[in-house]
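Q: Quick one, structure for this:
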Amino acid sequence: MALKSIILASFLTLSALTPLCAESPWAASFAAEQLDVNETKCFVSGQNVRIQNGAGQVLEVYNVTGVRVASFRIDGDDKTFALNMPKGIYILKVGKFVRKISLR
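A: This next block holds a predicted model:
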């Protein structure tokens with residue numbers, strides 16, 4: 001019980017001493033992340049990969065050794081691709097967006 005009280009007191013003290021204001025670098029970066037509504041998003045379902053907000057870019061698929069195994073031109077804001085590849089771990093890249101996926 002005493003350990004819980006010490007942990008709680010430490011947490012409350014640290015949280016009271018840590019300012020959360022708009023001028024802090026943490027708050028500024030958090031606000032910038034929330035405002036980016038056009039960021040590329042990726043959803044995987046089975047062998048299908050759905051890319052949102054990637055129009056005009058290229059979807060590149062790499063295996064775990066770094067070899068590019070597929071490439072697709074994204075011609076719309078919401079596009080689904082059937083990868084039809086063996087089960088395993090792959091890396092998807094769309095512009096600066098990179099995501100590791102698992103095909104089952």
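Q: tell me the contacts of residue 98?
A: Residues in contact with residue 98 (CB atoms under 8 Å, 6 or more residues apart in numbering) are 91-92. C-beta coordinates here come from the backbone N, C-alpha and C atoms, glycine included.
Q: my bad, should have said residue 48
A: Contacts of residue 48 by CB under 8 Å, 6+ apart are 80-83.
Q: of those residues, buried ones?
A: Buried residues within the contacts of residue 48, counting neighbours by 16 or more other CB atoms under 10 Å: 81, 83.
Q: Just give me the closest of the contacts of residue 48 to residue 69.
A: Checking these against residue 69 by CB to CB gives residue 83 as the nearest, at 9.0 Å.
Q: SS state for residue 93?
A: Per DSSP: H, G, I helix; E, B strand; the rest coil, the secondary structure class of residue 93 is strand.
Q: Skipping its backbone neighbours, what lies nearest it in space?
A: In space, and not counting its chain neighbours, residue 93 is closest to residue 60: 4.5 Å by CB to CB, 6 or more residues apart in numbering.
Q: Make TSV from the contacts of residue 48 and add distance to residue 99, secondary structure and pLDDT to it.
A: TSV is the format used below for these (distance: CB to CB, whole Å; DSSP: H, G, I helix; E, B strand; the rest coil; pLDDT from 0 to 100):
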residue	distance to residue 99	secondary structure	pLDDT
80	15	strand	96
81	14	strand	96
82	17	strand	95
83	13	coil	93
